[in-house]
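A.B. asks: only geometry, no sequence info:
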């Protein structure tokens, strides 16, 4: 099974920000301008598998992502969300938080 959010496949995306536990990527083919994903560096199938340190790092990175996107796009709002499990809309089984300005 291909893992698009694990190295080396992840190199196809542009890493905009990162910390010890996670990174924020934007993909060139993104349909929604400025949208991206916060992804744990360790393979975790869903958000429920994140460690407390990964949760904290995700929150910290989300604040940095918001500051970056505010400066670049001045959006009026955001959609931020996780899809978890096939029925929940998850199609890539590596946890990832959608950030859409």
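C.D. replies: Yep, that arrived. Treat the numbers as computed from the prediction; the structure is a model and nothing was measured. Residues are numbered from 1 along each chain as shown.

A.B. asks: Okay, now the unreliable bits of the protein?
C.D. replies: Flagging of the chain using pLDDT under 70 yields the residue ranges 1-13, 30.

A.B. asks: show me where it has helices.
C.D. replies: 52-73 (DSSP state H).

A.B. asks: I'd assumed residue 62 was in contact with residue 80.
C.D. replies: Yes. Residue 80 is in contact with residue 62 according to CB atoms under 8 Å; the separation is 7.2 Å. In this view, the C-beta of every residue, glycine as well, is placed from N, C-alpha and C.

A.B. asks: Which one of these two is surrounded by more residues?
C.D. replies: Ranked by neighbour count (other CB atoms under 10 Å), residue 80 and residue 62 place residue 62 first, with 18 against 14.

A.B. asks: List the contacts of the nearest residue in space to that one that is not next to it in sequence.
C.D. replies: Excluding the flanking residues, the one nearest residue 62 by CB to CB, 6 or more residues apart in numbering is residue 38, at 6.2 Å. Shown in contact with residue 38 (CB atoms under 8 Å, 6 or more residues apart in numbering): 22-24, 58, 61-62, 65, 96-97, 99.

A.B. asks: Filter the residues you listed down to the buried ones.
C.D. replies: Buried subset of the contacts of residue 38 (neighbour count, 16 or more other CB atoms under 10 Å): 22-24, 58, 61-62, 65, 96-97, 99.

A.B. asks: As a markdown table, those with distance to residue 51 would be great.
C.D. replies: Shown next, in a markdown table, are the buried ones among the contacts of residue 38 (distance: CB to CB, whole Å):
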| residue | distance to residue 51 |
| --- | --- |
| 22 | 11 |
| 23 | 16 |
| 24 | 18 |
| 58 | 10 |
| 61 | 15 |
| 62 | 16 |
| 65 | 20 |
| 96 | 16 |
| 97 | 15 |
| 99 | 21 |
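
A.B. asks: nearest to residue 52, of those?
C.D. replies: Minimum distance to residue 52 across the buried ones among the contacts of residue 38 is 10.7 Å, recorded for residue 58 (CB to CB).
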